[in-house]
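K.L.:
From the sequence below, what's the structure:
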Amino acid sequence: MRVNLHPVLKEIASLFNSNGKEIYLVGGAVRDMLRGRKIHDWDLATNAHPEEVTEIVRRAKGKVIPTGIKHGTVTVFFKNKNAEITTFRLESEYSDGRRPDKIKYADAIEEDLSRRDFTMNAIALSLPKGEIIDPFGGEKDIKKKIIRCVGNAQERFNEDGLRPLRAVRFASQLGFKIEQNTQDAVAGALRVCAKVSQERVRDEIGKIIASPVPSRGFLLMEKTGLLKLFLEELADCRGIEQKGFHKFDVLDHSLLACDYAALKGYSQNLRLASLFHDIGKPEARQKDENSSWTFYRHEEISSKKARIILSRLRYSNTITDSVCHLIREHMFLYTDDWSDSAVRRFIARIGEANLENIYCLRRADAYGFSGKEPDFRSLLNLADRVKKVLTKGNVFTVKDLAVCGNDLITAGIPPGRKMGMILNELLETVLDDPAQNTKEKLLEIAEKIYKERL
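P.N.:
Numbers count the residues shown, from 1 in each chain. Below is the predicted model of the structure:
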């Protein structure tokens with residue numbers, strides 16, 4: 001294979017070779033190179049010990065940070081480029097189900113590759129010659145688009161509980177198939193998977209959501225037991241049948257909605273909202289007098305459950321609040337006989353900054369009914385109405401009112417809970433009739449409300 005190495009990477013290799021040390025490009029960079037993809041991160045392996053790596057690089061005016069010195073890893077900054085360099089090593093005893101308790105330095109690159117997770121990640125490229133070292137058939141598996149553990153799959157998964165989720169994530173990202181023995185070994189490692197930190201789980205789920213077809217990953221998670229372990233609320237949507245135009249149960253509907261969000265290049269927040277927008281349906285489901293299933297107010301339950309999931313996975317408050325707001329508001333039913341006042345209230349409830357996102361979520365939701373592009377005319381009509389109302393510069397939040405808290409204090413209304421309620425009532429008044437948004441009129445209304453409630 002012809003390899004075009006970055007000039008700085010060649011220089012780093014030359015530094016080590018001139019000091020009698022071997023150095024190899026390893027891991028995802030080699031995998032991606034063999035797939036014809038550009039490489040961005042440089043993970044290097046060497047028979048030089050960390051202190052030797054430090055001395056070699058610093059003599060060449062580079063900078064070294066001992067980012068993972070406990071495991072033989074340092075981060076090198078050289079000529080405006082950076083690389084992680086790890087000494088050949090072997091690992092043993094994984095009491096926390098994630099990190100090795102013991103490591104020892106190895107003599108050969110083949111030994112180092114033997115500790116890695118999947119064959120496609122256990123390939124090395126010698127530097128600077130560019131020779132492939134592939135003791136486990138990883139190149140062949142890449143060509144066949146197969147994810148296979150190095151050696152015994154059960155042993156690999158019991159060493160590191162994140163590996164099963166990584167296998168699923170790679171399958172979703174790359175469109176690869178998990179080899180059957182590797183897939184079968186996941187069930188026996190769920191106890192170890194449960195030890196993995198929620199932050200690491202979040203990162204893998206985030207990569208599945210960001211993949212071209214997220215449902216591939218989530219269906220594999222369901223098949224292997226990982227969905228029940230990490231996203232039980234979503235797993236519980238399996239078998240929850242729906243009515244009307246719905247062709248699928250709640251789980252498949254949600255996965256299709258997420259796939260649509262991915263297909264359209266929607267943001268992470270919208271993909272999360274699409275995935276979780278109906279997870280309250282199992283709890284909300286009841287039968288009406290005709291023995292038909294109903295899901296009244298499921299959007300509120302879904303929003304609450306989504307908040308629990310996102311908090312558990314350590315998503316930021318900003319992301320959590322945004323996603324949960326979209327889920328809570330996704331069930332609006334627009335008809336062309338809405339008044340302008342109704343449109344203004346819709347804008348106020350959704351928030352001007354969230355309008356495009358709520359439209360996108362409704363499109364994803366509608367796609368999930370049948371897996372086909374639906375008729376969006378009603379949504380387009382609403383968007384057109386909203387646009388016309390926005391051009392008039394109406395008031396949609398308390399901050400937009402012609403009066404503020406200080407104005408009410410001057411008028412004799414003390415600050416506190418009652419003032420907040422009065423400001424909200426003034427907003428309701430202006431949403432009904434924007435002409436009321438003058439300081440004189442609003443103060444008159446506020447004083448009247450305050451006196452009535454003394």
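
K.L.:
Name the nearest residue to residue 363, ignoring sequence neighbours.
P.N.:
Nearest in space to residue 363, with sequence neighbours left out and distances taken as C-beta to C-beta, 6 or more residues apart in numbering, is residue 376 at 6.4 Å. Heads up, the C-betas are built off the backbone N, CA and C, glycines and all.

K.L.:
next one: residue 214
P.N.:
Once flanking residues are discounted, residue 214 sits nearest to residue 258: 4.8 Å by C-beta to C-beta, 6+ apart.

K.L.:
what helix or strand does the one you found sit in?
P.N.:
helix 250-263 (DSSP states H and E).

K.L.:
Quick check: buried residues in that helix?
P.N.:
250-262 (16 or more other C-beta atoms under 10 Å).

K.L.:
any idea which helix or strand of this structure has the worst average confidence?
P.N.:
strand 89-92 (a mean of 80; mean pLDDT, DSSP states H and E).

K.L.:
helices and strands around it, which ones?
P.N.:
strand 102-105, helix 109-113 (3 or more C-beta pairs under 8 Å, 6 or more residues apart in numbering; DSSP states H and E).

K.L.:
For those, state which one has the densest average packing.
P.N.:
Highest mean neighbour count of the helices and strands packed on strand 89-92: helix 109-113, a mean of 20 (counted as mean count of other C-beta atoms under 10 Å).

K.L.:
where's that one relative to the chain centroid, distance-wise?
P.N.:
Its chain's C-alpha centre and that of helix 109-113 lie 33 Å apart, by C-alpha atoms, centre = their mean, to the nearest Å.

K.L.:
From residue 45, how far off is the closest residue to residue 42 other than its chain neighbours?
P.N.:
Closest residue in space to residue 42, ignoring its immediate chain neighbours: residue 83 at 3.7 Å, by C-beta to C-beta, 6+ apart. Distance from residue 83 to residue 45, counting by C-beta to C-beta, to the nearest Å: 11 Å.

K.L.:
who's in contact with the residue most central in space within the chain?
P.N.:
Centroid check for the chain by C-alpha atoms, centre = their mean gives residue 206 as the closest residue, at 2.6 Å. Shown in contact with residue 206 (C-beta atoms under 8 Å, 6 or more residues apart in numbering): residue 268.

K.L.:
what helix or strand does it sit in?
P.N.:
Using DSSP H and E, the element containing residue 206 is helix 198-209.

K.L.:
tell me the angle that helix makes with helix 250-263.
P.N.:
70 degrees (axes from the mean of the first three to the mean of the last three C-alpha atoms, to 10 degrees).

K.L.:
Rounded mean pLDDT for helix 198-209, please.
P.N.:
In this model, helix 198-209 has a mean pLDDT of 97.

K.L.:
quick one: contacts for residue 327?
P.N.:
Going by C-beta under 8 Å, 6+ apart, the list of residues near residue 327 reads 273, 276-277, 299, 302-303, 306, 361.

K.L.:
Mind listing residues that contact stretch 64-76?
P.N.:
The contact list for stretch 64-76 (C-beta under 8 Å, 6+ apart) reads 12, 49-50, 53-54, 57-58, 62-63, 77, 82-87, 89, 99-100, 103, 105.

K.L.:
Tell me, how many residues neighbour residue 17?
P.N.:
14 (other C-beta atoms under 10 Å).

K.L.:
then the helix holding residue 258 to CSV, C-alphas only?
P.N.:
Taking Å, rounded to 0.1, in the frame of the first residue of the first chain, the C-alpha atoms of helix 250-263 are listed here in CSV:
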residue,chain,number,x,y,z
VAL,A,250,-43.2,3.4,19.5
LEU,A,251,-39.6,2.2,19.4
ASP,A,252,-39.4,1.7,15.7
HIS,A,253,-41.3,5.0,15.2
SER,A,254,-38.7,6.8,17.4
LEU,A,255,-35.8,5.2,15.6
LEU,A,256,-37.2,6.2,12.2
ALA,A,257,-37.7,9.8,13.5
CYS,A,258,-34.0,9.8,14.6
ASP,A,259,-32.9,8.4,11.3
TYR,A,260,-34.8,11.2,9.5
ALA,A,261,-33.1,13.8,11.7
ALA,A,262,-29.7,12.3,10.7
LEU,A,263,-30.7,12.1,7.0
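
K.L.:
tell me which strands and helices the helix or strand that it is followed by is in contact with?
P.N.:
For helix 250-263, the following helix or strand on the C-terminal side (DSSP H and E) is helix 268-276. On a contact count with 3+ C-beta pairs under 8 Å, 6+ apart, helix 268-276 meets helix 198-209, helix 214-224, helix 232-235, helix 250-263, helix 298-312, helix 317-328, helix 355-370.

K.L.:
Give the buried residues for helix 268-276.
P.N.:
269-276.

K.L.:
quick check, residue 347 in a helix?
P.N.:
Yes - read with DSSP: H, G, I helix; E, B strand; the rest coil, residue 347 is one of the residues of a helix.

K.L.:
Report the residue spans of the stretch 101-250 of the chain with pLDDT below the cut-off.
P.N.:
Applying pLDDT under 70 to the stretch 101-250 of the chain flags residues 101, 244-246.

K.L.:
Which residue ranges make up each domain of the chain?
P.N.:
Domain assignment for the chain by automatic domain parsing gives 7-141, 145-230, 241-387, 398-452.

K.L.:
Over to the shortest one now: how far is its first residue from its last?
P.N.:
What it means is domain 398-452. One end of domain 398-452 to the other measures 21 Å (C-alpha to C-alpha, to the nearest Å).

K.L.:
Mind checking the pLDDT average for that domain?
P.N.:
Average pLDDT, domain 398-452: 93.

K.L.:
Quick one: distance of the least confident helix or strand of the chain to the chain centre.
P.N.:
31 Å.

K.L.:
for stretch 118-129, same thing?
P.N.:
29 Å.
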